[in-house]
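Novice: Everything below, folded, please.
(2 chains)
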There are 2 protein chains.
Amino acid sequence: MRADQLAGDRPQPAGRRREGGRAARRAMRAAGGSDRAVWPGLPGGTFKPLSDGDLHRIHGAALSVLETTGIADSTPEVEELARVKGCSVNQHGRLTFPKALVEDILAGAAREYVVYSRDPAHADLEVGGNRVYYATSGEAVTIFDVEARGYRPSTLVDLYDCCRLVDRLENIHQFGQTVVPTDLEDVGTHDLNVAYVAVAGTQKPCEMAINSAVNIRPAIALFDMALGGEGRFRERPFLSFGGCPIVSPLRFAHDSLEVLVETSRLGLVSDIAVAPQAGATAPAYLAGALVQVVAEGLACLAVVNMVNPGCPMSFANWPFVSDLRTGAFTGGSGEEAVLMAAAAQIGRFYDLPTSVAASMTDSKMPDAQAGYEKGITAVLAGLAGANRVVESAGMLGSLMGCSFEALVIDNDMLGMAQRAIRGIEVTDETLSVEAIGSVALGAGHYLGHADTLRCMESEFLYPELADRTSPDTWVQAGSQDILERARTKAREILASHYPDHLDPKLDARIRDRFPVALPRSAMKPGATG
Amino acid sequence: MRADQLAGDRPQPAGRRREGGRAARRAMRAAGGSDRAVWPGLPGGTFKPLSDGDLHRIHGAALSVLETTGIADSTPEVEELARVKGCSVNQHGRLTFPKALVEDILAGAAREYVVYSRDPAHADLEVGGNRVYYATSGEAVTIFDVEARGYRPSTLVDLYDCCRLVDRLENIHQFGQTVVPTDLEDVGTHDLNVAYVAVAGTQKPCEMAINSAVNIRPAIALFDMALGGEGRFRERPFLSFGGCPIVSPLRFAHDSLEVLVETSRLGLVSDIAVAPQAGATAPAYLAGALVQVVAEGLACLAVVNMVNPGCPMSFANWPFVSDLRTGAFTGGSGEEAVLMAAAAQIGRFYDLPTSVAASMTDSKMPDAQAGYEKGITAVLAGLAGANRVVESAGMLGSLMGCSFEALVIDNDMLGMAQRAIRGIEVTDETLSVEAIGSVALGAGHYLGHADTLRCMESEFLYPELADRTSPDTWVQAGSQDILERARTKAREILASHYPDHLDPKLDARIRDRFPVALPRSAMKPGATG
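Specialist: Now for the predicted structure:
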């Protein structure tokens, strides 16, 4: 097969259609017209950990790595495609990329994509530019048990419960797979069950990793059924498929590379993650870790654009960090905070749609450590302009576990982070010179001033769980910490919010066709099956 | 008395002497020569919440407010001084400042000052430029009781215990008054007892608020004794005196204005705080709150420079935030995070030495809420280039209380924040292109690479309390949260670290001359008195 055939019929990359209403909505929000103090897609980019010179040096170094060292373990299919475009295989059997080719690919790559919501009450994700969204993800294999202060293996019902929690948590804009259903006996059905949960548990935009390329078309068939007809998903994709096409340092991962080729061929967003670990599978110098992850991300971008030019890919450079005392991954460090922010800034430098991993913690429970590790990493990623901040809610223990209570707490934390990211609008009205003069000469306080009443909801975000009462009131109410309040709130939502996103008849037809393992009883109290 | 006499003999402003060693040390650190991953005075300024245009508009609006509305409740002394310089008193009896005068004052104001350490083991604070330091402060009237999950009135011993804790906490660079000794029966002795604690409990640079101008000279006399001779303090001031010369909106506070005049006349740093509260004593629009606080801060700067041109002042704009549901102060919001960062950025815009208040929380205990509220506000203030981030450790409950456990936890959190502020050094060596090539073709991992060993301590900060063990290890060790570990650590320090910063004979002479109320038994187990 010739390389130009490999690229298939090159369907128009999905998610690039634009609607007029969206631009108008964005303009209204930019003008302060939102009735809430935060909203999906706030503008990041005010934090720039790297100088312009730094950015150019990292770019140049990454191109050198791709041209000289290249990437090992390519598939014959990708290798052939790449040779046609001008790549070579060097004496070590590694695929190398000429600098000019990478520059051309960068020039022609998709600048944005959309992940649609299935309900107008939730925002579509317009991934690109300086717009910032927060999403779950993580694929942990355990769930935190708050009573036992320990962890138990995660199940498919846990995944569904995470999903319907996220459905209710306003500052989380996308649901991605939080936990792996370790109770699924047949791992072959894993992908389709995750796809089913995404449809059943929320109508927010979704993301899922695909273990095997052969599951993509069946998953799309499931989504088409949920949307009411063949081809509907491709019209408004509400989910992006991911994978990890790189084994660091600088090798392709066979199965995920096939997923990358398949999603590109189908014109779908490749929602990948490239996650080397500084000090272990990437250089310990943070700058070097960036060079390697950029080279690895650019190699994936090259594959996508060689298969289907202009097909969107998440430029998803996730430079992780080791604790060099043990070699173990640490997700909640200052090094991680600035490194992920720098990765986001590099994506803005290239004007590519990005995701990064942030709001991770090494703490095993939602305590003060989890709070500051999550808060600092989450806000810096957004301020640096990461389009999608994933792993951003619920994860604990260096991504080893997920917690319902942490999901609820992190929703509040992300609201705070988003309010900081929104920044300060400076207009003649907000500068308040007249108000200052009249209050100084008059009442002496602003509590009853018309401006105060006018901007009470639009300027200020009121947290749901964070406590602002006086010490006396707090003690009288039982001296609860936020974990205790989160436990109550998570239980309330899980006891009451059973979404009816799937009509029962449609659900039955989906269950007839696909190996859905989620018991009906988990989806509605008293239901059977 | 004529205004030019009021300004006194204008002694050379203190703290402007520079030592050659300091510049060399800073250059070494800038070149990555530190043996620790963070250090005092890291460079901020990479986070810019306001655009250049925003900065100019806020500046212009603040000048308009000073020229038209002006400041009420001036003292005759200040009014006379100001008239000579070109100010007027308007029909409302308010002192107004011509724009050109304020611009001239800004042009001539001190750009930096130094607060010295009494021990070379601790860094001097070189306050100015883009250098960032973290300090305690807060003056709460209660201490958190971790066992009772409640608060009790704070005492002089509590203040001393906070001080000796800070003496041991590496990421806190300055001790400022955390709590008010509510057990001091004679409030007239308050200032001198706080001064005594600062000398007895630490040799780090210090800060204290002064309630009455008449206590400044006695406090300096106490410091001179501690340093071994009259005039020694003025040679190397290790403490700055503060106060709140403004009652917002736009009025002078009588006693604190007198402190401001007195410290300026003495050539000391005026380490003030201007703290209007958006929605209550400042406009609710965040931009308007900035305009007012800048106007108030510039009025103080004008007074200092009219009394003693070039005398340093902390441009200490602390725009606080109200929760408009109740009107109460809230210190741990996203609005607060971005507003304080913007205040720091404005100080950088003027090139004045700044302080801001951050790392505040509304939570009543060190839980996840405290963690993320402190983490987000603390890191953004530093990234925006605040020279001194005060209230940055130990405070809880919207500054109503202080906690020994929070001091210890916040020290770890501030280390993480400082590592993020340090950023990423990009050099030929750190870009690691050769290392990447050799590892990719060779071992396939970086754990044993020479670069990894070389930068293990200089690139990575290892937290003391934050847990990075595996979930299993954590459970086996008893599933402790960071609050439990902090409780243990705070008790260990308080049970063992009794600093001997004052020789017993010297201490006896100080106690003979000043009304020291701190019992000797609190300073050494088994001591009497």
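
Novice: Single out the residue in the stretch 51-200 of chain A that lies closest to chain B.
Specialist: With Cβ to the nearest Cβ as the measure, A:Arg149 is the residue of the stretch 51-200 of chain A nearest to chain B, at 3.7 Å. The way it works is simple: take the backbone N, C-alpha and C, and place the C-beta from them, glycine included.

Novice: ok, that residue - contacts?
Specialist: A:365, B:475, B:479 (Cβ atoms under 8 Å, 6 or more residues apart in numbering or on different chains).

Novice: For the residues you listed, which entry has the maximal number of neighbours?
Specialist: A:Met365 (27 neighbours; other Cβ atoms under 10 Å in any protein chain shown).

Novice: So for that residue, what pLDDT did the model give?
Specialist: Note on A:Met365: pLDDT of 98.

Novice: Quick one: the helices in the stretch 351-500 of chain A, in order.
Specialist: A:368-383, A:404-422, A:428-431, A:433-441, A:450-455, A:471-476, A:482-496 (DSSP state H, counting those that start in this stretch).

Novice: If you average pLDDT per helix and strand, which one of chain A comes out bottom?
Specialist: Least confident helix or strand, chain A: helix A:3-6 with a mean of 34, by mean pLDDT, DSSP states H and E.

Novice: so how many other residues sit close to A:Phe349?
Specialist: Per other Cβ under 10 Å, the neighbour tally for A:Phe349 reads 18.

Novice: Low-confidence stretches in the stretch 351-500 of chain A?
Specialist: Along the stretch 351-500 of chain A, no part satisfies pLDDT under 70.

Novice: in it, what residue is nearest chain B?
Specialist: Closest point on the stretch 351-500 of chain A to chain B, by Cβ to the nearest Cβ, is A:Gly371, at 2.0 Å.

Novice: Now do the contacts for that residue.
Specialist: So A:Gly371 contacts A:409, A:413, B:367-375 (Cβ under 8 Å, 6+ apart).

Novice: Skipping its backbone neighbours, what lies nearest it in space?
Specialist: Excluding the flanking residues, the one nearest A:Gly371 by Cβ to Cβ, 6 or more residues apart in numbering or on different chains is B:Gly371, at 2.0 Å.

Novice: Give me the distance between the one you found and B:Gly188.
Specialist: According to Cβ to Cβ, to the nearest Å, B:Gly371 stands 40 Å off from B:Gly188.

Novice: so how far is A:Cys163 from A:Ala508?
Specialist: Note on A:Ala508: its distance to A:Cys163, by Cβ to Cβ, is 20 Å.

Novice: which one of these two has more residues nearby?
Specialist: Neighbours were counted for A:Ala508 and for A:Cys163 using other Cβ under 10 Å; A:Cys163 has more, 25 against 13.

Novice: who's in contact with the host helix or strand of the more buried one?
Specialist: A:Cys163 is located in helix A:156-168, with elements delineated by DSSP states H and E. With contact meaning Cβ under 8 Å, 6+ apart, helix A:156-168 is reached by A:136, A:143, A:172, A:175, A:177-181, A:183-184, A:193-194, A:197-198, A:200-204, A:393-394, A:402, A:404, A:407-408, A:490, A:493-494, A:497-499, A:517-519, A:522-523.

Novice: Please pick the buried ones from these.
Specialist: When these are checked for burial by 16 or more other Cβ atoms under 10 Å in any protein chain shown, the buried set is A:136, A:143, A:172, A:175, A:177-181, A:184, A:193-194, A:197-198, A:200-204, A:393-394, A:402, A:404, A:407-408, A:490, A:493, A:499, A:517-518, A:522-523.

Novice: And the helices in the stretch 201-350 of chain A?
Specialist: A:216-227, A:232-235, A:254-265, A:286-307, A:334-350.

Novice: just the angle between the first one and helix A:254-265, please?
Specialist: Computed by axes from the mean of the first three to the mean of the last three Cα atoms, to 10 degrees, the angle separating helix A:216-227 from helix A:254-265 equals 50 degrees.

Novice: tell me the contacts of the residue positioned nearest the centre of chain A?
Specialist: In chain A, the residue lying closest to the centroid (Cα atoms, centre = their mean) is A:Val390, at 2.9 Å. Residues near A:Val390 by Cβ under 8 Å, 6+ apart: A:135-137, A:174, A:176, A:207, A:355-357.

Novice: Name whatever forms a beta bridge with it.
Specialist: A:Ala357 (DSSP bridges).

Novice: ok, now how distant is it from A:Ala273?
Specialist: Distance from A:Val390 to A:Ala273, by Cβ to Cβ: 8 Å.

Novice: What of A:Phe223?
Specialist: Going from A:Phe223 to A:Ala273 by Cβ to Cβ gives 22 Å.

Novice: can you check A:Arg234 too?
Specialist: 23 Å.

Novice: Looking at the two now, which is surrounded by more residues?
Specialist: A:Ala273 (23 against 18).

Novice: if I read this right, the more buried one contacts A:Trp318, doesn't it?
Specialist: Yes. Using Cβ atoms under 8 Å, A:Ala273 is in contact with A:Trp318, at 5.4 Å.

Novice: Quickly list what's touching both of those two.
Specialist: Contacts common to A:Ala273 and A:Trp318, judged by Cβ under 8 Å, 6+ apart, are A:355, A:357.

Novice: and A:Asp191, that's in a helix?
Specialist: Yes. Under DSSP: H, G, I helix; E, B strand; the rest coil, A:Asp191 sits within a helix.

Novice: Quick check: pLDDT value at the nearest residue to it once chain neighbours are set aside.
Specialist: Ranked by Cβ to Cβ, 6+ apart and with sequence neighbours excluded, the top spatial neighbour of A:Asp191 is A:Asn215, at 3.9 Å. Reported pLDDT at A:Asn215 in the predicted model: 94.

Novice: Touching, A:Asn215 and A:Asn193? I think so.
Specialist: No. The criterion here is Cβ under 8 Å, and A:Asn215 misses it with A:Asn193 at 10.4 Å.

Novice: ok, the closest residue to A:Val408 other than its chain neighbours - contacts?
Specialist: Distances taken as Cβ to Cβ, 6+ apart put A:Ala486 closest to A:Val408, at 4.4 Å, once the chain neighbours are dropped. Contacts for A:Ala486 (Cβ under 8 Å, 6+ apart) come out as A:366, A:405-406, A:408-409, A:465.

Novice: would a markdown table of those residues with distance to A:Val102 be doable?
Specialist: Output for the contacts of A:Ala486, formatted as a markdown table (distance: Cβ to Cβ, whole Å):
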| residue | distance to A:Val102 |
| --- | --- |
| A:Pro366 | 42 |
| A:Glu405 | 45 |
| A:Ala406 | 39 |
| A:Val408 | 43 |
| A:Ile409 | 42 |
| A:Leu465 | 46 |
